[in-house]
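*Asks:* sequence first, then the predicted structure, then my questions.
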Amino acid sequence: MPTNTPYKNILVSGGAGFIGSNFIHYWLKKYPDTNLVNLDALTYAGNLENLKEVENLPNYKFIQGNILDRQLVNEIMPGIDLVVHFAAESHVDRSILEPAVFLETNAIGTQVLLEAALKNKVKRFHHISTDEVFGSLELESDEQFNDQTPYDPRSPYSASKAASDHLVRAYGETFGLPYIITNCSNNYGEYHFPEKLFPLAITNLIEGKKIPVYGDGKNVRDWLYVQDHCSAIDAVLHRGENAETYLVGGLTEDISNLEIVKMIINLMGESEDKIEFVKDRLGHDRRYSVDWSKLNKKLDWKPDVTLEEGLTKTISWYKNNPQWWQPLKEKSQEFFKINYKQG
Ligand code: NAD
Ligand code: TYD
């Protein structure tokens, strides 16, 4: 495994969130000779508990701040040679309840970072995006998203992420900013905020509660263990080509939300009467499926962890870390009340 990197000073935005914190652990373990600055506003989704193991490292620095704060971003950027941009509002259901902040952070916030990165001549701006920008595929079809798929976002979240992708390409084309975009499918794993399906299902079962499944439960997502997403970003950062887009995914066969929930129930030794069908999400995308063959063929990347292995690890982590998720669920009570209101 190569442990050399041309990047010496890295800015990670949104590093106190789910994927950002997993990436920081991954990166600092693999490239201990680099300096890493984590800029995070600590919204409801940001949590410094995710970073306890690294907080005292001399080459790690946390700055609490908003990517919308141009002055702050301009102060931090000098000397940075790589930006890995995770910071975003990320929950589709919250984007339905309160779209404005998604546009502010995801679109304008990205532009603030791009401008400062350009001015300071970074070697690479790596933009972390989602497969949701490509819209929704039909159930029972074998169609997949690839890097030629036209954009067709359908939720305020995916529309704001699409806007951010367009801005990144615009800065590349117009001003010559070196960039790469990765569009990844649904991640799961440690430090996943307990409003999202997997951690909600696991922690609800631990608490003796039911698992809310939207609509008929037939919606399909492409799931990837978060550390595999980190290794994909690593591959792209070191072997990817400038101005390219790489799609990252985990599965080769469709699996519906209902099937996944049943897998979780079985792995936890619970009964299927713990499933509760609830009102569907507005505009609920039916199916995502990612063709990740470009990343596989060109950069020799593939996921390491199967869905069953990843779920087993994740379940055991949530069982062992109630002190991490219980306070977060407590703080989300208001959101749960509004989001799961029936009728
Ligand atoms: P998350 O919600 O867990 O974390 C987001 C982090 O960004 C939090 O720490 C939050 O405090 C921070 N943040 C939010 N607004 C900010 C602002 N204005 N300024 C500074 N920091 C701010 O999200 P995540 O699941 O870790 O997702 C990270 C990135 O990966 C996002 O860009 C998301 O679109 C993308 N992505 C996520 C998934 C997934 O399945 N979770 C899949 C593909 C792509
Ligand atoms: P989520 O984890 O919110 O990710 P995304 O919407 O970004 O794909 O949801 C994953 C899938 O699970 C999605 O199809 C919506 C569904 N879902 C439920 O059925 N019940 C729930 O309580 C939640 C949060 C999600």
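*Replies:* That came through fine. Ligands and ions are numbered 1, 2, ... in the order given.
*Asks:* stretch 255-271 near ligand 2 at all?
*Replies:* Yes. Interface with ligand 2: stretch 255-271 contributes residue 257 (C-beta under 6 Å from any ligand atom). From N, CA and C alone the C-beta is placed, and that goes for glycine too.
*Asks:* is any residue of stretch 131-145 near ligand 1?
*Replies:* No. Stretch 131-145 does not reach ligand 1 (C-beta under 6 Å from any ligand atom); its nearest approach is 6.8 Å.
*Asks:* end to end, how far does that stretch reach?
*Replies:* Using C-alpha to C-alpha, to the nearest Å, the end-to-end distance of stretch 131-145 comes out at 7 Å.
*Asks:* name the element the residue nearest to residue 300 when sequence neighbours are not counted belongs to?
*Replies:* Among residues not flanking residue 300 along the chain, residue 235 sits closest, at 7.3 Å (C-beta to C-beta, 6 or more residues apart in numbering). Using DSSP states H and E, residue 235 maps to helix 226-239.
*Asks:* identify the residues contacting the closest residue to residue 59 other than its chain neighbours.
*Replies:* Nearest non-adjacent residue to residue 59, counting by C-beta to C-beta, 6+ apart: residue 35, 4.8 Å away. Going by C-beta atoms under 8 Å, 6 or more residues apart in numbering, residue 35 touches 8-10, 59-61.
*Asks:* how close does residue 280 sit to residue 82?
*Replies:* Relative to residue 82, residue 280 is positioned 41 Å away (C-beta to C-beta, to the nearest Å).
*Asks:* now swap in residue 71 and tell me
*Replies:* Applying C-beta to C-beta to residue 71 and residue 82 gives a distance of 22 Å.
*Asks:* so for the two, which sits in the more crowded spot?
*Replies:* residue 82 (22 against 9; other C-beta atoms under 10 Å).
*Asks:* now do the SS call for the residue nearest to that one when sequence neighbours are not counted.
*Replies:* Residue nearest to residue 82 in three dimensions, not counting chain neighbours: residue 7, with 4.1 Å by C-beta to C-beta, 6+ apart. Of the three states, residue 7 takes coil under DSSP: H, G, I helix; E, B strand; the rest coil.
*Asks:* I figured residue 7 was touching residue 33, is that so?
*Replies:* No. The criterion here is C-beta atoms under 8 Å, and residue 7 misses it with residue 33 at 10.3 Å.
*Asks:* which of these two has more neighbours?
*Replies:* Between residue 7 and residue 33, residue 7 has the larger neighbour count (other C-beta under 10 Å), namely 21 against 9.
*Asks:* picking that back up, thinking the residue nearest to residue 300 is in contact with residue 302, fair?
*Replies:* No. With contact defined as C-beta under 8 Å, residue 235 does not reach residue 302; the gap is 9.8 Å.
*Asks:* neighbour count winner among the two?
*Replies:* With neighbours defined as other C-beta under 10 Å, residue 235 and residue 302 compare such that residue 235 has more, 20 against 14.
*Asks:* that one: what's it in contact with?
*Replies:* Going by C-beta under 8 Å, 6+ apart, residue 235 touches 295, 299-301.
*Asks:* one more time with 10 Å
*Replies:* Residues near residue 235 by C-beta atoms under 10 Å, 6 or more residues apart in numbering: 182, 246, 248, 295-296, 298-302.
*Asks:* what do residue 235 and residue 302 both touch?
*Replies:* Common neighbours of residue 235 and residue 302 (C-beta under 10 Å, 6+ apart) are 295-296.
*Asks:* if you rank the contacts of residue 235 by neighbours, which is first?
*Replies:* Top of the contacts of residue 235 by neighbour count (other C-beta under 10 Å): residue 248, with 28 neighbours.
*Asks:* which residue, other than its chain neighbours, is closest to that residue?
*Replies:* residue 184 (4.0 Å).
*Asks:* neighbours around that neighbour, how many?
*Replies:* Quick note: residue 184 (other C-beta under 10 Å) scores 25 neighbours.
*Asks:* could you do residue 309 as well?
*Replies:* 11.
*Asks:* need phi/psi at residue 36.
*Replies:* phi -130, psi 130 (degrees, to the nearest 10).
*Asks:* what is the burial count for it?
*Replies:* Neighbours around residue 36, by other C-beta under 10 Å: 23.
*Asks:* which bits of the protein sit near ligand 2?
*Replies:* 92, 186, 196-197, 200, 212-214, 219, 221, 257, 281.
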